[in-house]
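[1] sequence plus the predicted model coming up.
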Amino acid sequence: MITRNSDLSVLDTEEASRGIALLLAGGDGTRLNDLTREITGSPIPKQYCRLYNETSLLEATLARTRLYTLKEKIHIIINRDHIELATDQIQVLRKRNIFIQPANRDTGPGIVFSLLQLKRMHPDAIVAVFPTDHYIDNDRAFIAHTRRATQLVARMPEKIAILGIAPHRPETGYGYLLPDSPVRKCEKTYHVKAFIEKPSLSRAYEIMTLGGLLNTFVMVFKLSSMLEILEQLVPGSFHAMTALSRSPHKAVEIYQKIDSWNFSTQVLTRIPQHIIMLEIDDVCWSDWGTRESIESTYRALNKVPFWQLPLYQPIPIPNHSAGSIELPDP
(Lines give C-alpha, C1' and ligand atoms only; values in the text may rest on other atoms or scores of the structure.)
Protein backbone atom coordinates (compact mmCIF):
# COMPACT_ATOMS: atom_id res chain seq x y z
CA MET A 1 0.00 0.00 0.00
CA ILE A 2 1.37 3.42 -0.96
CA THR A 3 1.50 5.93 1.87
CA ARG A 4 1.71 9.68 1.60
CA ASN A 5 3.69 12.19 3.63
CA SER A 6 1.79 15.46 3.66
CA ASP A 7 4.80 17.35 5.06
CA LEU A 8 6.76 16.91 1.83
CA SER A 9 6.58 19.74 -0.66
CA VAL A 10 8.78 21.33 -3.29
CA LEU A 11 10.72 24.38 -2.26
CA ASP A 12 10.11 27.95 -3.36
CA THR A 13 11.20 29.47 -6.67
CA GLU A 14 14.27 31.15 -5.18
CA GLU A 15 15.65 27.84 -3.93
CA ALA A 16 14.61 26.07 -7.13
CA SER A 17 16.71 28.48 -9.17
CA ARG A 18 19.86 27.09 -7.55
CA GLY A 19 19.40 23.51 -8.74
CA ILE A 20 20.95 21.99 -11.86
CA ALA A 21 19.22 18.99 -13.43
CA LEU A 22 20.57 16.51 -15.97
CA LEU A 23 18.12 14.21 -17.78
CA LEU A 24 19.53 10.99 -19.24
CA ALA A 25 17.81 10.17 -22.54
CA GLY A 26 20.64 8.56 -24.51
CA GLY A 27 19.53 4.93 -24.26
CA ASP A 28 18.31 2.91 -27.24
CA GLY A 29 15.80 0.86 -25.22
CA THR A 30 16.00 -2.11 -27.56
CA ARG A 31 14.40 -4.53 -25.07
CA LEU A 32 11.11 -2.71 -25.62
CA ASN A 33 11.27 -2.56 -29.41
CA ASP A 34 8.37 -4.99 -29.82
CA LEU A 35 6.15 -2.95 -27.51
CA THR A 36 7.03 0.47 -28.94
CA ARG A 37 6.42 -0.92 -32.44
CA GLU A 38 3.03 -2.16 -31.25
CA ILE A 39 2.17 1.29 -29.88
CA THR A 40 3.61 3.61 -32.54
CA GLY A 41 4.20 1.39 -35.56
CA SER A 42 7.99 1.84 -35.22
CA PRO A 43 10.56 0.38 -32.78
CA ILE A 44 11.47 3.68 -31.14
CA PRO A 45 13.46 4.12 -27.88
CA LYS A 46 11.15 3.75 -24.90
CA GLN A 47 11.75 7.23 -23.46
CA TYR A 48 10.06 8.81 -26.50
CA CYS A 49 7.07 6.46 -26.52
CA ARG A 50 3.82 7.70 -24.96
CA LEU A 51 3.31 4.77 -22.62
CA TYR A 52 0.95 6.28 -20.06
CA ASN A 53 -1.69 9.03 -20.06
CA GLU A 54 -0.70 10.01 -23.61
CA THR A 55 2.67 11.17 -22.26
CA SER A 56 6.13 9.82 -22.98
CA LEU A 57 8.49 8.91 -20.16
CA LEU A 58 10.75 11.75 -21.28
CA GLU A 59 7.90 14.27 -21.20
CA ALA A 60 6.85 13.03 -17.75
CA THR A 61 10.42 13.34 -16.45
CA LEU A 62 10.78 16.83 -17.89
CA ALA A 63 7.53 17.94 -16.22
CA ARG A 64 8.67 16.40 -12.93
CA THR A 65 12.06 18.08 -13.13
CA ARG A 66 10.43 21.48 -13.54
CA LEU A 67 9.26 21.02 -9.94
CA TYR A 68 12.92 20.69 -8.95
CA THR A 69 14.39 23.68 -10.75
CA LEU A 70 13.78 26.38 -13.32
CA LYS A 71 13.62 25.19 -16.92
CA GLU A 72 16.72 27.28 -17.69
CA LYS A 73 18.64 24.97 -15.31
CA ILE A 74 17.44 21.72 -16.93
CA HIS A 75 19.83 19.93 -19.28
CA ILE A 76 19.45 16.73 -21.26
CA ILE A 77 21.66 14.30 -23.13
CA ILE A 78 20.32 12.59 -26.25
CA ASN A 79 21.78 10.64 -29.16
CA ARG A 80 22.32 12.17 -32.58
CA ASP A 81 20.13 9.54 -34.25
CA HIS A 82 17.26 10.38 -31.87
CA ILE A 83 17.13 14.09 -32.69
CA GLU A 84 14.00 13.94 -34.81
CA LEU A 85 12.11 12.02 -32.13
CA ALA A 86 13.36 14.26 -29.34
CA THR A 87 12.87 17.70 -30.85
CA ASP A 88 9.11 17.90 -30.36
CA GLN A 89 9.38 16.67 -26.75
CA ILE A 90 12.21 18.93 -25.55
CA GLN A 91 11.39 22.14 -27.38
CA VAL A 92 10.91 24.00 -24.07
CA LEU A 93 14.65 23.65 -23.33
CA ARG A 94 17.36 26.05 -24.41
CA LYS A 95 19.46 24.80 -27.33
CA ARG A 96 22.64 25.16 -25.28
CA ASN A 97 21.14 22.88 -22.61
CA ILE A 98 20.75 19.98 -25.07
CA PHE A 99 23.85 17.77 -25.22
CA ILE A 100 24.03 15.49 -28.24
CA GLN A 101 26.35 12.50 -28.27
CA PRO A 102 27.20 10.82 -31.58
CA ALA A 103 26.10 7.36 -30.39
CA ASN A 104 24.98 5.43 -27.32
CA ARG A 105 27.90 4.09 -25.29
CA ASP A 106 25.86 3.10 -22.21
CA THR A 107 25.44 5.29 -19.14
CA GLY A 108 29.12 5.84 -18.36
CA PRO A 109 30.37 7.84 -21.35
CA GLY A 110 27.05 9.66 -21.61
CA ILE A 111 27.29 10.92 -18.03
CA VAL A 112 30.95 11.90 -18.34
CA PHE A 113 30.23 13.71 -21.60
CA SER A 114 27.36 15.63 -19.99
CA LEU A 115 29.20 16.53 -16.80
CA LEU A 116 32.11 17.99 -18.72
CA GLN A 117 29.65 20.18 -20.63
CA LEU A 118 28.10 21.26 -17.34
CA LYS A 119 31.54 22.09 -15.94
CA ARG A 120 31.89 24.84 -18.53
CA MET A 121 28.45 26.22 -17.74
CA HIS A 122 28.04 25.67 -13.97
CA PRO A 123 31.45 24.73 -12.48
CA ASP A 124 30.36 24.97 -8.83
CA ALA A 125 27.00 23.27 -9.28
CA ILE A 126 25.25 20.57 -7.35
CA VAL A 127 23.75 18.33 -10.02
CA ALA A 128 20.69 16.07 -9.82
CA VAL A 129 20.63 13.27 -12.41
CA PHE A 130 17.26 11.95 -13.59
CA PRO A 131 16.80 8.88 -15.82
CA THR A 132 13.96 9.26 -18.33
CA ASP A 133 12.59 5.71 -18.32
CA HIS A 134 10.87 5.52 -14.93
CA TYR A 135 7.24 5.56 -13.82
CA ILE A 136 6.62 7.67 -10.70
CA ASP A 137 3.14 8.24 -9.31
CA ASN A 138 3.75 11.25 -7.05
CA ASP A 139 6.00 13.86 -8.62
CA ARG A 140 5.83 16.36 -5.79
CA ALA A 141 6.82 13.84 -3.13
CA PHE A 142 9.61 12.44 -5.29
CA ILE A 143 11.03 15.89 -6.01
CA ALA A 144 10.82 16.79 -2.32
CA HIS A 145 13.12 13.83 -1.63
CA THR A 146 15.45 15.01 -4.40
CA ARG A 147 15.54 18.42 -2.75
CA ARG A 148 16.40 16.79 0.56
CA ALA A 149 19.24 14.97 -1.17
CA THR A 150 20.42 18.30 -2.59
CA GLN A 151 20.46 19.86 0.87
CA LEU A 152 22.47 16.91 2.21
CA VAL A 153 25.06 17.23 -0.55
CA ALA A 154 25.35 20.96 0.15
CA ARG A 155 26.30 19.97 3.72
CA MET A 156 28.46 17.01 2.68
CA PRO A 157 29.92 17.89 -0.74
CA GLU A 158 32.11 14.79 -0.83
CA LYS A 159 29.01 12.55 -0.89
CA ILE A 160 26.80 11.22 -3.68
CA ALA A 161 23.17 11.04 -2.53
CA ILE A 162 21.07 8.34 -4.21
CA LEU A 163 17.34 7.81 -3.82
CA GLY A 164 16.50 4.20 -2.96
CA ILE A 165 13.24 2.22 -2.97
CA ALA A 166 12.48 -0.87 -0.87
CA PRO A 167 11.95 -3.87 -3.19
CA HIS A 168 8.70 -5.84 -3.00
CA ARG A 169 10.48 -9.05 -4.04
CA PRO A 170 14.02 -10.15 -4.90
CA GLU A 171 15.06 -8.61 -8.23
CA THR A 172 18.13 -9.62 -10.21
CA GLY A 173 18.06 -6.92 -12.87
CA TYR A 174 18.71 -3.90 -10.63
CA GLY A 175 21.41 -2.41 -8.45
CA TYR A 176 21.06 -2.41 -4.67
CA LEU A 177 22.28 -0.10 -1.94
CA LEU A 178 23.19 -1.91 1.28
CA PRO A 179 22.80 0.39 4.32
CA ASP A 180 25.43 1.04 6.93
CA SER A 181 25.08 3.49 9.83
CA PRO A 182 22.39 6.21 9.77
CA VAL A 183 23.34 9.73 8.75
CA ARG A 184 23.03 11.85 11.88
CA LYS A 185 19.90 13.98 12.20
CA CYS A 186 18.58 12.72 8.85
CA GLU A 187 15.53 10.49 8.87
CA LYS A 188 15.72 7.36 6.69
CA THR A 189 19.15 8.31 5.39
CA TYR A 190 22.16 6.00 5.64
CA HIS A 191 25.78 5.67 4.76
CA VAL A 192 26.31 2.81 2.33
CA LYS A 193 28.17 -0.39 3.09
CA ALA A 194 28.08 -1.74 -0.47
CA PHE A 195 26.58 -1.09 -3.89
CA ILE A 196 25.68 -4.42 -5.51
CA GLU A 197 24.81 -4.42 -9.20
CA LYS A 198 22.45 -7.14 -10.51
CA PRO A 199 22.95 -9.80 -7.82
CA SER A 200 21.92 -13.44 -8.03
CA LEU A 201 18.43 -14.32 -6.78
CA SER A 202 19.75 -15.70 -3.47
CA ARG A 203 21.97 -12.67 -2.97
CA ALA A 204 19.07 -10.31 -3.78
CA TYR A 205 16.96 -12.03 -1.12
CA GLU A 206 19.80 -11.69 1.40
CA ILE A 207 20.16 -7.99 0.55
CA MET A 208 16.43 -7.48 1.12
CA THR A 209 16.64 -9.04 4.58
CA LEU A 210 19.47 -6.61 5.41
CA GLY A 211 17.38 -3.59 4.45
CA GLY A 212 18.88 -3.06 1.02
CA LEU A 213 17.17 -0.63 -1.35
CA LEU A 214 16.81 -0.61 -5.11
CA ASN A 215 18.92 2.00 -6.86
CA THR A 216 16.63 4.45 -8.68
CA PHE A 217 19.72 5.99 -10.32
CA VAL A 218 18.44 9.42 -9.27
CA MET A 219 21.70 10.86 -7.96
CA VAL A 220 22.68 14.21 -6.49
CA PHE A 221 26.30 15.28 -6.19
CA LYS A 222 28.72 18.17 -6.24
CA LEU A 223 29.93 18.39 -9.82
CA SER A 224 33.57 19.02 -8.95
CA SER A 225 33.63 16.06 -6.54
CA MET A 226 32.13 13.68 -9.10
CA LEU A 227 34.57 14.78 -11.80
CA GLU A 228 37.49 14.05 -9.46
CA ILE A 229 36.13 10.54 -8.83
CA LEU A 230 35.61 9.89 -12.53
CA GLU A 231 39.10 11.02 -13.45
CA GLN A 232 40.50 8.56 -10.89
CA LEU A 233 38.30 5.56 -11.72
CA VAL A 234 37.85 5.82 -15.50
CA PRO A 235 40.80 7.94 -16.68
CA GLY A 236 40.75 6.71 -20.29
CA SER A 237 37.12 7.60 -20.90
CA PHE A 238 37.43 10.79 -18.87
CA HIS A 239 40.37 12.12 -20.88
CA ALA A 240 38.76 11.12 -24.19
CA MET A 241 35.64 13.05 -23.23
CA THR A 242 37.75 16.00 -22.12
CA ALA A 243 39.30 16.06 -25.59
CA LEU A 244 35.81 15.89 -27.11
CA SER A 245 34.56 18.83 -25.04
CA ARG A 246 37.49 20.87 -26.36
CA SER A 247 36.97 19.77 -29.97
CA PRO A 248 33.29 18.92 -30.54
CA HIS A 249 33.86 18.81 -34.30
CA LYS A 250 35.83 15.59 -33.64
CA ALA A 251 32.98 13.99 -31.69
CA VAL A 252 32.25 11.17 -34.14
CA GLU A 253 35.94 10.28 -34.47
CA ILE A 254 36.46 10.27 -30.69
CA TYR A 255 33.30 8.28 -29.96
CA GLN A 256 34.35 5.54 -32.36
CA LYS A 257 37.30 4.85 -30.05
CA ILE A 258 35.31 4.84 -26.81
CA ASP A 259 34.13 1.54 -25.34
CA SER A 260 30.70 1.23 -23.77
CA TRP A 261 30.66 1.00 -19.99
CA ASN A 262 28.05 1.12 -17.28
CA PHE A 263 28.19 3.89 -14.68
CA SER A 264 26.81 1.76 -11.85
CA THR A 265 29.19 -1.13 -12.50
CA GLN A 266 32.36 0.84 -13.14
CA VAL A 267 31.83 3.69 -10.67
CA LEU A 268 29.14 3.25 -8.02
CA THR A 269 30.08 -0.31 -7.04
CA ARG A 270 33.63 0.90 -6.35
CA ILE A 271 32.87 3.90 -4.12
CA PRO A 272 30.31 2.91 -1.46
CA GLN A 273 32.20 5.11 1.02
CA HIS A 274 31.17 8.16 -1.02
CA ILE A 275 27.46 7.27 -1.19
CA ILE A 276 24.58 8.10 1.10
CA MET A 277 21.15 6.62 0.42
CA LEU A 278 17.76 8.14 1.09
CA GLU A 279 14.87 5.72 1.52
CA ILE A 280 11.75 6.71 -0.40
CA ASP A 281 8.66 4.99 0.98
CA ASP A 282 5.78 7.25 -0.08
CA VAL A 283 6.13 6.98 -3.85
CA CYS A 284 5.29 4.22 -6.31
CA TRP A 285 8.35 3.85 -8.55
CA SER A 286 9.03 1.44 -11.38
CA ASP A 287 11.86 1.16 -13.88
CA TRP A 288 9.99 0.62 -17.14
CA GLY A 289 12.73 -1.37 -18.81
CA THR A 290 10.61 -4.36 -19.79
CA ARG A 291 7.07 -5.05 -20.98
CA GLU A 292 6.54 -7.06 -17.80
CA SER A 293 7.38 -4.11 -15.53
CA ILE A 294 5.10 -1.76 -17.49
CA GLU A 295 2.14 -4.11 -17.57
CA SER A 296 2.68 -4.97 -13.90
CA THR A 297 2.33 -1.27 -13.06
CA TYR A 298 -0.87 -1.06 -15.09
CA ARG A 299 -2.27 -4.04 -13.17
CA ALA A 300 -1.36 -2.39 -9.86
CA LEU A 301 -3.30 0.68 -11.01
CA ASN A 302 -6.28 -1.51 -12.01
CA LYS A 303 -5.97 -0.33 -15.60
CA VAL A 304 -5.81 -2.14 -18.93
CA PRO A 305 -2.85 -1.10 -21.12
CA PHE A 306 -4.33 0.94 -23.95
CA TRP A 307 -2.46 -1.06 -26.59
CA GLN A 308 -4.37 -4.16 -25.46
CA LEU A 309 -7.77 -2.61 -26.16
CA PRO A 310 -9.58 -4.28 -29.09
CA LEU A 311 -9.84 -1.22 -31.35
CA TYR A 312 -6.39 0.25 -30.66
CA GLN A 313 -4.43 1.41 -33.71
CA PRO A 314 -0.73 2.45 -33.57
CA ILE A 315 -0.24 6.22 -33.33
CA PRO A 316 3.09 7.37 -34.82
CA ILE A 317 5.26 9.76 -32.84
CA PRO A 318 5.64 12.96 -34.89
CA ASN A 319 9.11 13.59 -36.32
CA HIS A 320 10.38 17.10 -36.92
CA SER A 321 13.37 18.60 -38.63
CA ALA A 322 16.00 19.23 -35.96
CA GLY A 323 18.73 21.00 -37.84
CA SER A 324 18.72 23.80 -35.27
CA ILE A 325 19.91 21.46 -32.49
CA GLU A 326 23.67 21.30 -32.44
CA LEU A 327 26.52 20.25 -30.20
CA PRO A 328 27.48 22.94 -27.70
CA ASP A 329 30.24 25.27 -28.85
CA PRO A 330 33.71 24.59 -27.38
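    That came through, no problem. Since the model is a prediction, treat every value here as computed from it, not as a measurement.

[2] can you give me the helices in the chain?
    Ranges of helices within the chain are 13-16, 33-40, 57-65, 83-87, 107-121, 139-155, 201-209, 223-233, 235-246, 251-255, 263-266, 291-300, based on DSSP state H.

[3] now residue 287: how far from residue 297?
    10 Å (CB to CB, to the nearest Å). (Glycine included, C-beta is placed from N, CA and C.)

[4] swap that for residue 206, sorry
    Taken as CB to CB, the span from residue 206 to residue 297 is 26 Å.

[5] who has more neighbours out of those two?
    residue 297 (19 against 15; other CB atoms under 10 Å).

[6] give me the beta-bridge partners of the closest residue to the more buried one other than its chain neighbours?
    Spatial nearest neighbour of residue 297, excluding adjacent residues (CB to CB, 6 or more residues apart in numbering): residue 286 at 4.9 Å. Going by DSSP bridges, residue 286 is paired in beta bridges with residue 135.

[7] residue 286 contacts residue 296, doesn't it?
    Yes - under the criterion of CB atoms under 8 Å, residue 286 makes contact with residue 296 at 7.4 Å.

[8] please identify which of the two sits among more neighbours.
    Remark: of residue 286 and residue 296, residue 286 carries more neighbours, 17 against 13, as counted by other CB under 10 Å.

[9] spit out the contact partners of the more buried one.
    By CB atoms under 8 Å, 6 or more residues apart in numbering, the contact set of residue 286 is 134, 135, 293, 294, 296, 297.

[10] make it 6 Å
    Listed by CB atoms under 6 Å, 6 or more residues apart in numbering, the contact set of residue 286 reads 135, 293, 297.

[11] of these, closest to residue 173?
    Residue 173 lies nearest to residue 293 out of the contacts of residue 286, by CB to CB, at 9.0 Å.

[12] which residues touch the closest one?
    Counting by CB under 6 Å, 6+ apart, residue 293 has contacts residue 286.

[13] swap the cut-off to 8 Å and go again
    Residue 293 touches 286, 287, counting by CB under 8 Å, 6+ apart.

[14] so where's the chain uncertain?
    For the chain, applying pLDDT under 70 flags the ranges 1-18, 318-330.

[15] swap the cut-off to 90 and go again
    Residue ranges of the chain with pLDDT under 90: 1-19, 29-30, 244-257, 311, 315-330.

[16] beta partners of the most centrally placed residue in the chain?
    With distances taken as CA atoms, centre = their mean, residue 131 lies nearest the centre of the chain, 1.8 Å away. On the basis of DSSP bridges, residue 131 is bridged to residue 24.

[17] what's near enough to touch the residue nearest to residue 245 when sequence neighbours are not counted?
    Leaving aside its chain neighbours, residue 245 sits nearest to residue 116 (4.4 Å; criterion: CB to CB, 6+ apart). Each residue near residue 116 by CB under 8 Å, 6+ apart is listed here: 227, 241, 242, 244, 245.

[18] going through these, which ones are buried?
    Among the contacts of residue 116, those buried by neighbour count (16 or more other CB atoms under 10 Å) are 227, 241, 242, 244, 245.

[19] can you lay out those as TSV showing distance to residue 307?
    Listed next are these as TSV, based on distance: CB to CB, whole Å:
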residue	distance to residue 307
227	42
241	38
242	44
244	39
245	41
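
[20] ok, now which ones touch the closest residue to residue 161 other than its chain neighbours?
    Closest residue in space to residue 161, ignoring its immediate chain neighbours: residue 149 at 3.7 Å, by CB to CB, 6+ apart. With contact taken as CB under 8 Å, 6+ apart, residue 149 is in contact with 128, 161, 162, 163, 218, 220, 278.

[21] just put these in TSV and tack on distance to residue 26.
    Below are the contacts of residue 149 laid out as TSV (distance: CB to CB, whole Å):
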residue	distance to residue 26
128	17
161	23
162	20
163	20
218	16
220	20
278	25
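
[22] pick the one among these closest to residue 179.
    The shortest approach to residue 179 among those belongs to residue 278, at 10.7 Å (CB to CB).
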